[in-house]
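Q: Kindly generate the corresponding structure for this input.
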Amino acid sequence: MCSVSSGAASMEGLEEKLGGLSLARRSRPEQPTYLLDAALQPGGAALLAVSCSDFTVRLHNKDTLSLVGEFRGHGGPLCGVTFGHTSPDLLYSGSADGKVRVWDVRRPGGAAAAAAAAAQTFSSAAAHSYYSLDVNCSDGLLSAGTERLDEDSFLVFWDPRKPGAAPLGVYSESHSDDITQVRFHPRDKDRLASGSTDGLVNVFDLSRGAEDEALLATCNCGSSAGAVCWSGPAHQQLLCLSQDEGLYLWDLSRLHTDEPLALFSATDARGLAPPAGGGGVDYLVGGRWLEGASRLLVVGGTSGGDLHLMECDGGGLRPLRSLEGGHASTVRCFVWDEAADALITGGEDAQLLLWKPGGAELTAGMKESLKSQSALKLKSRPHRRVSFQKEKKKKT
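A: Model prediction:
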(Lines give C-alpha, C1' and ligand atoms only; values in the text may rest on other atoms or scores of the structure.)
Protein backbone atom coordinates (compact mmCIF):
# COMPACT_ATOMS: atom_id res chain seq x y z
CA MET A 1 0.00 0.00 0.00
CA CYS A 2 2.86 2.35 0.70
CA SER A 3 4.24 1.99 -2.83
CA VAL A 4 0.84 2.67 -4.37
CA SER A 5 0.37 5.77 -2.23
CA SER A 6 3.88 6.99 -3.07
CA GLY A 7 3.31 6.40 -6.76
CA ALA A 8 0.03 8.30 -6.69
CA ALA A 9 1.68 11.20 -4.91
CA SER A 10 4.48 11.27 -7.47
CA MET A 11 1.98 11.22 -10.28
CA GLU A 12 0.01 14.08 -8.76
CA GLY A 13 3.25 16.00 -8.27
CA LEU A 14 4.28 15.54 -11.89
CA GLU A 15 0.88 16.56 -13.22
CA GLU A 16 0.99 19.64 -11.01
CA LYS A 17 4.46 20.58 -12.22
CA LEU A 18 3.65 20.14 -15.88
CA GLY A 19 0.24 21.75 -15.50
CA GLY A 20 1.86 24.96 -14.28
CA LEU A 21 4.24 25.33 -17.23
CA SER A 22 3.88 28.34 -19.49
CA LEU A 23 6.17 30.14 -21.89
CA ALA A 24 8.61 32.37 -20.01
CA ARG A 25 11.48 33.10 -22.38
CA ARG A 26 12.21 32.97 -26.10
CA SER A 27 15.63 33.17 -27.75
CA ARG A 28 15.69 34.31 -31.38
CA PRO A 29 19.03 33.87 -33.18
CA GLU A 30 20.12 36.28 -35.87
CA GLN A 31 20.75 33.50 -38.41
CA PRO A 32 18.39 30.63 -39.24
CA THR A 33 19.68 27.26 -38.06
CA TYR A 34 18.24 24.03 -36.74
CA LEU A 35 18.76 23.41 -33.01
CA LEU A 36 19.57 19.69 -32.94
CA ASP A 37 20.59 18.67 -29.42
CA ALA A 38 20.83 20.27 -25.99
CA ALA A 39 22.51 19.50 -22.65
CA LEU A 40 22.37 21.10 -19.21
CA GLN A 41 25.52 21.65 -17.20
CA PRO A 42 25.25 19.38 -14.12
CA GLY A 43 25.39 20.43 -10.50
CA GLY A 44 22.85 23.23 -10.70
CA ALA A 45 25.12 25.39 -12.88
CA ALA A 46 23.67 27.98 -15.22
CA LEU A 47 24.80 26.84 -18.66
CA LEU A 48 22.89 25.19 -21.47
CA ALA A 49 24.73 23.86 -24.54
CA VAL A 50 23.00 23.57 -27.92
CA SER A 51 24.36 21.96 -31.09
CA CYS A 52 23.30 23.65 -34.32
CA SER A 53 23.04 22.68 -37.96
CA ASP A 54 25.67 25.30 -38.92
CA PHE A 55 28.26 23.10 -37.11
CA THR A 56 28.51 25.43 -34.09
CA VAL A 57 27.93 24.78 -30.39
CA ARG A 58 26.22 27.62 -28.56
CA LEU A 59 26.22 28.31 -24.83
CA HIS A 60 23.18 29.93 -23.25
CA ASN A 61 22.22 30.92 -19.74
CA LYS A 62 19.56 28.38 -18.87
CA ASP A 63 17.45 30.87 -16.91
CA THR A 64 17.49 33.80 -19.34
CA LEU A 65 18.39 31.94 -22.59
CA SER A 66 20.85 34.76 -23.34
CA LEU A 67 23.78 33.75 -25.52
CA VAL A 68 26.94 33.36 -23.44
CA GLY A 69 29.36 32.09 -26.05
CA GLU A 70 29.88 30.02 -29.16
CA PHE A 71 32.33 27.30 -30.16
CA ARG A 72 33.41 26.77 -33.76
CA GLY A 73 35.74 24.21 -35.19
CA HIS A 74 33.77 21.24 -36.50
CA GLY A 75 33.73 20.74 -40.24
CA GLY A 76 30.63 18.56 -40.47
CA PRO A 77 27.18 17.99 -38.93
CA LEU A 78 27.20 17.62 -35.14
CA CYS A 79 25.97 14.38 -33.60
CA GLY A 80 25.41 15.67 -30.06
CA VAL A 81 26.71 17.52 -27.02
CA THR A 82 27.20 16.41 -23.44
CA PHE A 83 28.84 17.87 -20.33
CA GLY A 84 31.31 16.04 -18.14
CA HIS A 85 29.87 14.73 -14.88
CA THR A 86 32.80 15.04 -12.47
CA SER A 87 34.26 17.87 -14.58
CA PRO A 88 31.16 19.87 -15.55
CA ASP A 89 33.21 22.70 -17.06
CA LEU A 90 34.13 20.39 -19.93
CA LEU A 91 31.73 20.08 -22.85
CA TYR A 92 32.01 17.28 -25.43
CA SER A 93 30.78 17.55 -29.01
CA GLY A 94 31.02 14.99 -31.80
CA SER A 95 30.74 15.41 -35.53
CA ALA A 96 30.58 13.68 -38.87
CA ASP A 97 33.98 15.29 -39.51
CA GLY A 98 35.51 12.44 -37.48
CA LYS A 99 36.40 14.56 -34.45
CA VAL A 100 35.23 14.68 -30.85
CA ARG A 101 36.12 18.08 -29.44
CA VAL A 102 36.23 19.03 -25.77
CA TRP A 103 35.56 22.66 -24.85
CA ASP A 104 36.26 24.51 -21.62
CA VAL A 105 33.05 26.44 -20.99
CA ARG A 106 34.87 28.78 -18.58
CA ARG A 107 36.43 30.28 -21.70
CA PRO A 108 33.57 30.52 -24.18
CA GLY A 109 34.31 31.94 -27.60
CA GLY A 110 32.39 34.63 -29.40
CA ALA A 111 31.09 34.74 -32.93
CA ALA A 112 34.60 35.56 -34.15
CA ALA A 113 36.34 32.86 -32.10
CA ALA A 114 38.07 30.08 -34.00
CA ALA A 115 38.60 26.39 -33.39
CA ALA A 116 41.56 27.11 -31.10
CA ALA A 117 39.05 27.22 -28.23
CA ALA A 118 38.93 23.40 -28.22
CA ALA A 119 40.76 22.12 -25.14
CA GLN A 120 41.10 18.56 -26.47
CA THR A 121 40.42 16.67 -29.70
CA PHE A 122 39.89 12.93 -30.14
CA SER A 123 39.72 10.94 -33.34
CA SER A 124 40.12 7.40 -34.65
CA ALA A 125 40.47 6.11 -38.21
CA ALA A 126 40.56 8.84 -40.85
CA ALA A 127 37.46 7.42 -42.56
CA HIS A 128 35.35 7.36 -39.38
CA SER A 129 32.35 9.71 -39.30
CA TYR A 130 30.70 10.02 -35.89
CA TYR A 131 26.93 9.73 -35.50
CA SER A 132 26.66 9.68 -31.67
CA LEU A 133 28.72 10.18 -28.51
CA ASP A 134 28.59 10.08 -24.71
CA VAL A 135 30.90 10.13 -21.67
CA ASN A 136 30.40 7.85 -18.67
CA CYS A 137 29.40 8.96 -15.18
CA SER A 138 33.00 8.99 -13.89
CA ASP A 139 34.34 10.90 -16.93
CA GLY A 140 36.81 8.05 -17.34
CA LEU A 141 35.51 6.73 -20.65
CA LEU A 142 34.38 8.47 -23.82
CA SER A 143 32.59 6.64 -26.61
CA ALA A 144 31.42 7.55 -30.10
CA GLY A 145 29.40 5.55 -32.62
CA THR A 146 30.26 5.78 -36.30
CA GLU A 147 28.30 5.78 -39.51
CA ARG A 148 28.58 2.58 -41.50
CA LEU A 149 31.86 2.25 -43.36
CA ASP A 150 31.60 -0.36 -46.10
CA GLU A 151 29.99 -3.23 -44.18
CA ASP A 152 31.10 -2.18 -40.69
CA SER A 153 30.20 0.33 -38.01
CA PHE A 154 32.22 0.96 -34.88
CA LEU A 155 31.92 1.87 -31.22
CA VAL A 156 35.14 3.75 -30.44
CA PHE A 157 36.46 4.25 -26.89
CA TRP A 158 38.96 6.77 -25.45
CA ASP A 159 40.21 7.80 -22.02
CA PRO A 160 39.25 11.51 -21.95
CA ARG A 161 41.76 12.12 -19.18
CA LYS A 162 44.54 11.61 -21.74
CA PRO A 163 44.30 14.50 -24.23
CA GLY A 164 44.81 13.48 -27.83
CA ALA A 165 45.45 9.84 -26.96
CA ALA A 166 44.72 7.07 -29.43
CA PRO A 167 41.52 5.06 -28.89
CA LEU A 168 41.58 2.43 -26.17
CA GLY A 169 39.83 0.10 -28.59
CA VAL A 170 36.76 -0.43 -30.77
CA TYR A 171 33.76 -2.75 -30.95
CA SER A 172 32.89 -3.66 -34.53
CA GLU A 173 30.73 -6.80 -34.51
CA SER A 174 27.53 -5.78 -32.70
CA HIS A 175 26.02 -3.36 -35.23
CA SER A 176 25.85 -3.48 -39.02
CA ASP A 177 24.68 0.08 -39.73
CA ASP A 178 24.95 3.68 -38.47
CA ILE A 179 25.19 3.81 -34.66
CA THR A 180 22.65 6.53 -33.92
CA GLN A 181 22.82 6.53 -30.11
CA VAL A 182 25.45 5.87 -27.45
CA ARG A 183 24.16 6.17 -23.88
CA PHE A 184 26.13 5.36 -20.73
CA HIS A 185 24.23 4.31 -17.63
CA PRO A 186 23.72 7.27 -15.23
CA ARG A 187 25.31 5.42 -12.29
CA ASP A 188 27.23 2.40 -13.59
CA LYS A 189 30.38 3.58 -15.36
CA ASP A 190 30.75 0.28 -17.25
CA ARG A 191 27.20 -0.08 -18.57
CA LEU A 192 26.55 1.19 -22.11
CA ALA A 193 23.56 1.08 -24.47
CA SER A 194 23.87 1.65 -28.21
CA GLY A 195 21.20 1.98 -30.89
CA SER A 196 21.52 1.70 -34.65
CA THR A 197 19.67 1.96 -37.92
CA ASP A 198 20.11 -1.83 -38.15
CA GLY A 199 17.14 -2.02 -35.76
CA LEU A 200 19.14 -3.19 -32.74
CA VAL A 201 19.69 -1.74 -29.29
CA ASN A 202 22.65 -3.41 -27.57
CA VAL A 203 23.59 -3.35 -23.89
CA PHE A 204 27.22 -3.87 -22.84
CA ASP A 205 29.13 -4.42 -19.60
CA LEU A 206 32.45 -2.86 -20.58
CA SER A 207 34.21 -4.24 -17.51
CA ARG A 208 34.24 -7.62 -19.31
CA GLY A 209 36.57 -6.28 -21.97
CA ALA A 210 36.20 -8.19 -25.25
CA GLU A 211 33.11 -7.40 -27.31
CA ASP A 212 31.62 -10.91 -27.26
CA GLU A 213 31.93 -11.09 -23.49
CA ALA A 214 30.72 -7.53 -22.92
CA LEU A 215 27.49 -7.88 -24.89
CA LEU A 216 24.73 -8.54 -22.33
CA ALA A 217 21.58 -8.17 -24.41
CA THR A 218 20.39 -7.36 -27.89
CA CYS A 219 16.90 -5.89 -28.25
CA ASN A 220 15.03 -5.43 -31.51
CA CYS A 221 13.04 -2.26 -32.12
CA GLY A 222 11.99 -3.42 -35.58
CA SER A 223 13.21 -0.26 -37.27
CA SER A 224 15.96 2.35 -37.17
CA ALA A 225 16.68 3.18 -33.51
CA GLY A 226 16.46 6.87 -32.65
CA ALA A 227 16.48 8.20 -29.09
CA VAL A 228 17.62 5.83 -26.31
CA CYS A 229 17.09 6.64 -22.63
CA TRP A 230 17.88 4.84 -19.35
CA SER A 231 14.87 4.93 -17.01
CA GLY A 232 13.30 3.44 -13.91
CA PRO A 233 14.05 4.04 -10.21
CA ALA A 234 17.29 2.01 -10.44
CA HIS A 235 17.85 2.87 -14.13
CA GLN A 236 17.33 -0.76 -15.09
CA GLN A 237 14.86 0.04 -17.85
CA LEU A 238 15.68 1.21 -21.36
CA LEU A 239 13.45 3.30 -23.60
CA CYS A 240 13.94 3.38 -27.36
CA LEU A 241 12.09 5.63 -29.79
CA SER A 242 12.52 4.48 -33.38
CA GLN A 243 12.89 6.85 -36.30
CA ASP A 244 9.47 5.81 -37.62
CA GLU A 245 7.81 6.78 -34.30
CA GLY A 246 7.81 3.37 -32.62
CA LEU A 247 8.21 3.13 -28.84
CA TYR A 248 9.83 0.28 -26.89
CA LEU A 249 10.40 -0.08 -23.15
CA TRP A 250 12.58 -2.95 -21.90
CA ASP A 251 13.29 -4.12 -18.34
CA LEU A 252 16.91 -5.22 -18.08
CA SER A 253 16.42 -6.51 -14.53
CA ARG A 254 14.78 -9.52 -16.24
CA LEU A 255 17.97 -10.52 -18.07
CA HIS A 256 18.55 -13.55 -15.85
CA THR A 257 14.90 -14.61 -15.66
CA ASP A 258 12.47 -16.29 -18.04
CA GLU A 259 10.31 -13.17 -18.24
CA PRO A 260 10.30 -11.22 -21.50
CA LEU A 261 12.40 -8.06 -21.52
CA ALA A 262 9.64 -6.02 -23.16
CA LEU A 263 7.44 -4.05 -20.78
CA PHE A 264 5.69 -2.26 -23.62
CA SER A 265 6.10 -1.90 -27.37
CA ALA A 266 4.30 -0.13 -30.20
CA THR A 267 5.41 0.06 -33.82
CA ASP A 268 3.65 3.45 -34.11
CA ALA A 269 3.09 5.31 -30.84
CA ARG A 270 1.64 8.52 -32.29
CA GLY A 271 -1.98 7.59 -31.67
CA LEU A 272 -1.58 5.99 -28.25
CA ALA A 273 -1.99 9.12 -26.13
CA PRO A 274 -4.34 11.56 -27.88
CA PRO A 275 -4.17 15.04 -26.30
CA ALA A 276 -7.23 16.08 -24.31
CA GLY A 277 -7.77 19.13 -26.50
CA GLY A 278 -7.85 17.14 -29.73
CA GLY A 279 -5.27 17.04 -32.50
CA GLY A 280 -2.54 14.45 -32.49
CA VAL A 281 1.13 13.65 -32.27
CA ASP A 282 3.09 13.79 -35.54
CA TYR A 283 6.45 12.64 -34.14
CA LEU A 284 8.29 11.73 -30.94
CA VAL A 285 11.13 13.97 -29.77
CA GLY A 286 12.64 11.89 -26.96
CA GLY A 287 12.31 10.65 -23.41
CA ARG A 288 13.79 11.47 -20.01
CA TRP A 289 13.58 9.83 -16.60
CA LEU A 290 12.54 12.49 -14.05
CA GLU A 291 14.29 11.65 -10.79
CA GLY A 292 12.17 13.88 -8.58
CA ALA A 293 8.84 12.58 -9.85
CA SER A 294 10.13 9.03 -10.48
CA ARG A 295 8.37 9.00 -13.85
CA LEU A 296 9.41 8.59 -17.48
CA LEU A 297 8.54 11.66 -19.55
CA VAL A 298 8.11 11.30 -23.32
CA VAL A 299 7.78 14.41 -25.48
CA GLY A 300 5.98 14.42 -28.82
CA GLY A 301 5.08 17.21 -31.17
CA THR A 302 3.29 18.43 -34.27
CA SER A 303 4.70 19.83 -37.49
CA GLY A 304 3.27 23.20 -36.45
CA GLY A 305 5.35 23.29 -33.27
CA ASP A 306 2.89 22.27 -30.56
CA LEU A 307 4.27 19.96 -27.87
CA HIS A 308 2.61 17.03 -26.10
CA LEU A 309 4.02 15.80 -22.79
CA MET A 310 3.28 12.15 -21.97
CA GLU A 311 4.10 9.59 -19.31
CA CYS A 312 5.33 6.13 -20.28
CA ASP A 313 5.46 2.88 -18.30
CA GLY A 314 4.57 -0.76 -18.79
CA GLY A 315 0.96 0.25 -19.35
CA GLY A 316 1.82 2.40 -22.36
CA LEU A 317 1.60 6.14 -23.00
CA ARG A 318 -0.68 8.60 -21.22
CA PRO A 319 -1.13 12.30 -22.05
CA LEU A 320 -0.18 14.77 -19.32
CA ARG A 321 -0.07 18.24 -20.86
CA SER A 322 0.08 20.07 -24.19
CA LEU A 323 2.15 23.22 -24.77
CA GLU A 324 0.92 25.41 -27.60
CA GLY A 325 1.85 28.74 -29.12
CA GLY A 326 5.60 28.39 -28.73
CA HIS A 327 7.41 26.84 -31.66
CA ALA A 328 6.49 27.33 -35.30
CA SER A 329 8.00 24.12 -36.63
CA THR A 330 9.31 20.68 -35.66
CA VAL A 331 10.93 20.44 -32.21
CA ARG A 332 14.23 18.55 -32.26
CA CYS A 333 15.43 18.57 -28.63
CA PHE A 334 14.44 19.21 -25.04
CA VAL A 335 15.96 19.18 -21.56
CA TRP A 336 14.26 19.08 -18.18
CA ASP A 337 15.73 21.36 -15.51
CA GLU A 338 15.06 19.38 -12.33
CA ALA A 339 16.09 22.22 -10.01
CA ALA A 340 13.70 24.73 -11.56
CA ASP A 341 10.94 22.32 -12.67
CA ALA A 342 11.37 23.90 -16.11
CA LEU A 343 11.41 22.60 -19.68
CA ILE A 344 13.69 23.98 -22.41
CA THR A 345 12.96 23.14 -26.05
CA GLY A 346 14.63 23.83 -29.39
CA GLY A 347 13.91 22.97 -32.97
CA GLU A 348 13.81 23.66 -36.67
CA ASP A 349 12.37 27.17 -36.26
CA ALA A 350 15.75 28.17 -34.74
CA GLN A 351 14.07 29.16 -31.48
CA LEU A 352 15.02 28.15 -27.96
CA LEU A 353 12.08 28.30 -25.53
CA LEU A 354 11.92 28.18 -21.73
CA TRP A 355 8.72 26.84 -20.17
CA LYS A 356 8.44 27.27 -16.41
CA PRO A 357 5.79 27.46 -13.69
CA GLY A 358 3.92 30.73 -13.80
CA GLY A 359 5.99 31.95 -16.73
CA ALA A 360 4.80 34.91 -18.74
CA GLU A 361 6.75 35.56 -21.90
CA LEU A 362 8.78 38.71 -21.41
CA THR A 363 9.24 39.46 -25.10
CA ALA A 364 5.86 39.32 -26.74
CA GLY A 365 5.52 39.09 -30.49
CA MET A 366 4.48 36.88 -33.33
CA LYS A 367 5.61 33.30 -33.38
CA GLU A 368 8.03 33.30 -36.29
CA SER A 369 9.83 30.52 -38.05
CA LEU A 370 13.47 30.89 -39.07
CA LYS A 371 13.41 27.42 -40.55
CA SER A 372 16.36 26.64 -42.77
CA GLN A 373 17.60 23.69 -44.76
CA SER A 374 18.89 21.12 -42.30
CA ALA A 375 22.53 20.15 -42.48
CA LEU A 376 21.69 16.89 -40.75
CA LYS A 377 19.36 14.46 -42.46
CA LEU A 378 18.05 11.30 -40.84
CA LYS A 379 19.17 8.22 -42.70
CA SER A 380 17.28 5.00 -43.10
CA ARG A 381 18.67 1.78 -44.48
CA PRO A 382 17.35 -1.80 -44.52
CA HIS A 383 17.75 -3.38 -41.11
CA ARG A 384 18.00 -6.88 -39.80
CA ARG A 385 15.04 -8.27 -37.91
CA VAL A 386 16.14 -10.30 -34.93
CA SER A 387 14.43 -11.37 -31.75
CA PHE A 388 15.33 -10.54 -28.19
CA GLN A 389 18.61 -12.12 -27.19
CA LYS A 390 19.54 -12.50 -23.56
CA GLU A 391 23.05 -12.83 -22.21
CA LYS A 392 25.04 -15.62 -23.80
CA LYS A 393 26.00 -18.43 -21.48
CA LYS A 394 29.70 -19.00 -21.14
CA LYS A 395 31.00 -22.27 -22.50
CA THR A 396 32.27 -24.62 -19.90
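Q: quick one, helices of the stretch 151-300 of the chain?
A: For the stretch 151-300 of the chain, the helices defined by DSSP state H, counting those that start in this stretch cover 211-214.
Q: low-scoring pLDDT stretches of it, where are they?
A: Applying pLDDT under 70 to the stretch 151-300 of the chain flags the ranges 277-278.
Q: To what extent is the nearest residue to Gly169 once chain neighbours are set aside buried, counted in neighbours?
A: Spatial nearest neighbour of Gly169, chain neighbours left out: Phe157 (5.6 Å); criterion: CB to CB, 6 or more residues apart in numbering. Where you see a C-beta, it was placed from the backbone N, CA and C, and this is true even at glycine. For Phe157, the neighbour count with other CB atoms under 10 Å is 18.
Q: Identify the residues contacting Phe157.
A: Going by CB atoms under 8 Å, 6 or more residues apart in numbering, Phe157 touches 141-143, 167-171, 206.
Q: partner residues bridging it?
A: For Phe157, the beta-bridge partners are Ser143, Gly169 (DSSP bridges).
Q: So it versus Asp97, what's the distance?
A: 19 Å (CB to CB, to the nearest Å).
Q: likewise Ala127?
A: The gap separating Ala127 from Asp97 is 12 Å, by CB to CB.
Q: Neighbour count for the two, which is higher?
A: Comparing Ala127 with Asp97 by other CB under 10 Å, the one with more neighbours is Asp97, at 18 against 10.
Q: tell me which element the more buried one is part of?
A: For Asp97, there is no host helix or strand (DSSP states H and E).
Q: Surely it touches Gly75?
A: Yes: between Asp97 and Gly75 there is a contact at 4.1 Å, judged by CB atoms under 8 Å.
Q: what are the ranges of the strands in the stretch 51-200 of the chain?
A: Assigned by DSSP state E, counting those that start in this stretch, the strands in the stretch 51-200 of the chain fall at 57-61, 67-71, 78-83, 90-95, 100-104, 118-122, 130-135, 142-146, 155-158, 169-171, 179-184, 191-196, 200-205.
Q: Let me have these in JSON lines, extended by distance to Leu343.
A: Converted to JSON lines, the strands of the stretch 51-200 of the chain look like this (distance: least, CB to CB, whole Å):
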{"stretch": "strand 57-61", "distance to Leu343": "14"}
{"stretch": "strand 67-71", "distance to Leu343": "20"}
{"stretch": "strand 78-83", "distance to Leu343": "18"}
{"stretch": "strand 90-95", "distance to Leu343": "21"}
{"stretch": "strand 100-104", "distance to Leu343": "25"}
{"stretch": "strand 118-122", "distance to Leu343": "30"}
{"stretch": "strand 130-135", "distance to Leu343": "22"}
{"stretch": "strand 142-146", "distance to Leu343": "27"}
{"stretch": "strand 155-158", "distance to Leu343": "31"}
{"stretch": "strand 169-171", "distance to Leu343": "35"}
{"stretch": "strand 179-184", "distance to Leu343": "20"}
{"stretch": "strand 191-196", "distance to Leu343": "24"}
{"stretch": "strand 200-205", "distance to Leu343": "26"}
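Q: Deepest in the core, which of these is it.
A: strand 142-146 (a mean of 28; mean count of other CB atoms under 10 Å).
Q: name the helices or strands packed onto it?
A: When contacts are defined as 3 or more CB pairs under 8 Å, 6 or more residues apart in numbering; DSSP states H and E, strand 142-146 sits against strand 130-135, strand 155-158, strand 179-184, strand 191-196.
Q: which neighbours does the first one have in its sheet, and in what orientation?
A: For strand 130-135, the paired strands and their directions (DSSP bridges) read strand 142-146 (antiparallel).
Q: The strand it pairs with: how far from the chain's middle?
A: 14 Å (CA atoms, centre = their mean, to the nearest Å).
Q: what angle separates it from strand 200-205?
A: Interaxial angle, strand 142-146 versus strand 200-205 (axes from the mean of the first three to the mean of the last three CA atoms, to 10 degrees): 160 degrees.
Q: Now distance to Leu241 too, for the helices and strands packed on strand 142-146, in CSV please.
A: Shown next, in CSV, are the helices and strands packed on strand 142-146 (distance: least, CB to CB, whole Å):
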stretch, distance to Leu241
strand 130-135, 14
strand 155-158, 20
strand 179-184, 10
strand 191-196, 9
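Q: Pro42: which of the ones you listed is closest?
A: Ranking these by their distance to Pro42 (criterion: CB to CB) puts strand 130-135 first, at 11.4 Å.
Q: Report the distance from the closest one to the chain centre.
A: Distance, centroid of strand 130-135 to centroid of chain: 10 Å (CA atoms, centre = their mean).
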